[in-house]
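Participant: Below: sequence and its predicted model.
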Amino acid sequence: MTKILILTAGFGEGHNAAARNLATAVTALSGPGSASVADLCALASPRTNRVARRAYLAAINGAPALWSAFYNWVDRRRIFPRHLWLLRAESGALRSLLRREQPDVICSTFPIYGFLLERLANAGSLDAPFFNVVTDSISINSLWTRPACAGWFVPNEETAAVMRGMGVPTARLHVLGFPVPAFFAEHTGKLAPPDLAAGAAPRVLCIVHSGVRHAWAIAQRLLAETEWELTFAVGRDERLRRRLEALASTRARPAHVLGWTDEIPRLLMTHHVVISKAGGATTQEAIAAHCPMLVSQIVPGQEEGNYELLRRRRPGVLVETPEATITAMRQAFANQGAVWRQWRDALVPLAHPDASHAIAAQLLSQAARAPLAIPA
């Protein structure tokens, strides 16, 4: 049986979402046990990883300018592979994992691991082909492109063009989309929001948590609108959920407040717009659902390209204040949703709802036959 090893990291939900969805697709195509997912950072140093993840979240939410400076510094300074000693623990975890799993193909949704795999390959210790699954759009950090690999799977042609400009060979770039859940491909043409032209009330999905700028103010303004059907998804933020439930209970038209849920794909396909920060997974899932996006916050660096993709194709807008959010939606829903239909139509050529299946099929077709030889 062919075995695919998928490497990820918990610094941004896009990496983990892509890894999970890809593993599900590989398993569907090749059977149980054909895919495994591993977070090298968590395996190598669980306690340090938890601290680093908290610091990352604090930086992107509380000090975005500082995070932007760091992101750009890493892009310019090229600290790897010169300072790979910083990843000694991750390197050891990778070697142990490869000896145990003996994969035929390796792919990574997190760019730093490429340097570790390249070093193994250069030492003659890695026979399996290695691929990158790029989870960002347009604003591509050089970490993605500097380590040599068998190929890069990218979410859209705009990103492929940027990477070609960075020196990545065209033959190794595969524009197959971002690995979204199979739900999107299975329900394309079956699920859609109600028809605004027939007089249906607009449905608005707001994906929010307390770390998002203006989160509470946006929620208050939305709940004051009486003509829209609202759904809030707040994740595991129980305090915010309780506050929203109390506020929503006084509204004439019901509003749904959800905690953690695995129904985001269905919600995206059945709502007219989604309000969210421009995270990699959320942006790509909104595109796959043909659900126009109002971007409430952009993390400098990796998320800038996600918004730029939407800006270029014009299927949504940046709304940096609660007032701008309400104004944009009123304009979109006016005249029986004329602007909204333009946004939705603009998403169709960008969508790759079957991306997970397509990438999984290509990885399986590239499976190496030679066993790994990883030294102790």
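Facilitator: Arrived safely, thanks for sending.

Participant: Could you find the closest non-adjacent residue to the most centrally placed residue in the chain?
Facilitator: Against the mean C-alpha coordinate of the chain, by C-alpha atoms, centre = their mean, the closest residue is residue 281 at 2.2 Å. Nearest residue to residue 281 in three dimensions, chain neighbours excluded: residue 17, at 3.8 Å (C-beta to C-beta, 6 or more residues apart in numbering). Placement of C-beta: from N, CA and C, glycine included.

Participant: how distant is the helix or strand bottoming out on mean pLDDT in the chain from the center of its chain?
Facilitator: Every helix and strand in the chain was compared by mean pLDDT, DSSP states H and E; the lowest is strand 316-318, with a mean of 83. The chain centroid and the centroid of strand 316-318 are separated by 18 Å, computed with C-alpha atoms, centre = their mean, to the nearest Å.

Participant: contact partners of that strand?
Facilitator: Under the criterion C-beta atoms under 8 Å, 6 or more residues apart in numbering, residues 273, 292-295, 298, 307, 310-311, 328, 343 lie in contact with strand 316-318.

Participant: again with stretch 46-59
Facilitator: When contacts are defined by C-beta under 8 Å, 6+ apart, stretch 46-59 is touched by residues 10-12, 39, 41-42, 66-67, 70, 211.

Participant: Among these, the buried ones, what's the ChimeraX command?
Facilitator: Applying 16 or more other C-beta atoms under 10 Å to these leaves a buried subset, and the ChimeraX line that selects it is:
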select :10,11,12,39,41,42,67
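
Participant: from the contacts of stretch 46-59, which is closest to residue 247?
Facilitator: Using C-beta to C-beta, residue 211 comes nearest to residue 247 of the contacts of stretch 46-59, at 19.1 Å.

Participant: Looking only at the host helix or strand of residue 305, what residues are buried by neighbour count?
Facilitator: Secondary structure assignment for residue 305, by DSSP states H and E: helix 304-313. Judged by neighbour count using 16+ other C-beta under 10 Å, the buried positions of helix 304-313 are 304-310, 313.

Participant: If you count neighbours, what's buried in stretch 186-206?
Facilitator: Within stretch 186-206, the residues that count as buried by 16+ other C-beta under 10 Å are 187-188, 193, 196, 202-206.

Participant: Now do the one helix or strand residue 68 maps to: distance to the chain's middle.
Facilitator: Here residue 68, judged by DSSP H and E, is contained in helix 64-77. How far helix 64-77 lies from its chain's middle: 20 Å, per C-alpha atoms, centre = their mean.

Participant: Report all helices and strands that it contacts.
Facilitator: helix 46-62 (3 or more C-beta pairs under 8 Å, 6 or more residues apart in numbering; DSSP states H and E).

Participant: So for the helix it packs on, mean pLDDT?
Facilitator: Mean pLDDT, helix 46-62: 87.

Participant: what angle separates that helix from helix 64-77?
Facilitator: On the basis of axes from the mean of the first three to the mean of the last three C-alpha atoms, to 10 degrees, helix 46-62 is oriented at 120 degrees to helix 64-77.

Participant: Of the contacts of stretch 46-59, just say which sits nearest to residue 153.
Facilitator: Closest approach between the contacts of stretch 46-59 and residue 153, by C-beta to C-beta: residue 12, at 17.2 Å.

Participant: Next, the contact list for that closest one, please.
Facilitator: Neighbour list for residue 12: 56, 135, 279-280, 302 [criterion: C-beta under 8 Å, 6+ apart].

Participant: From residue 231, how far out is residue 258?
Facilitator: Look at residue 258 and residue 231: by C-beta to C-beta, to the nearest Å, they are 7 Å apart.

Participant: the more surrounded of these two?
Facilitator: The residue with more neighbours, out of residue 258 and residue 231, is residue 231; 20 against 17, by other C-beta atoms under 10 Å.

Participant: Which strand or helix spans the nearest residue to that one once chain neighbours are set aside?
Facilitator: Setting aside the residues directly before and after it, residue 231 is nearest to residue 256 in space (C-beta to C-beta, 6+ apart), at 4.5 Å. Using DSSP H and E, residue 256 sits in strand 255-258.

Participant: What are the contacting residues of that strand?
Facilitator: By C-beta under 8 Å, 6+ apart, strand 255-258 touches 222-223, 229-234, 241, 244-245, 248.

Participant: run the last query once more with 10 Å
Facilitator: With contact meaning C-beta atoms under 10 Å, 6 or more residues apart in numbering, strand 255-258 is reached by 204-207, 219, 222-223, 225, 228-235, 240-249, 264, 267.

Participant: Then stretch 93-103?
Facilitator: The contact list for stretch 93-103 (C-beta under 10 Å, 6+ apart) reads 2-7, 34-36, 38-45, 87, 106, 113, 116-117, 119-120, 125-126, 128-130, 367-368, 371-376.

Participant: And the buried ones among those residues, selectable in ChimeraX?
Facilitator: Burial among the contacts of stretch 93-103 is assessed by 16+ other C-beta under 10 Å; the matching ChimeraX selection reads:
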select :2,3,4,5,6,7,34,35,36,38,39,40,41,42,43,44,45,87,106,113,116,117,119,120,126,128,129,130,367,368,372,374
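
Participant: who does the least confident helix or strand of the chain pair up with?
Facilitator: In the sheet, strand 316-318 lines up against strand 293-297 (parallel) (DSSP bridges).
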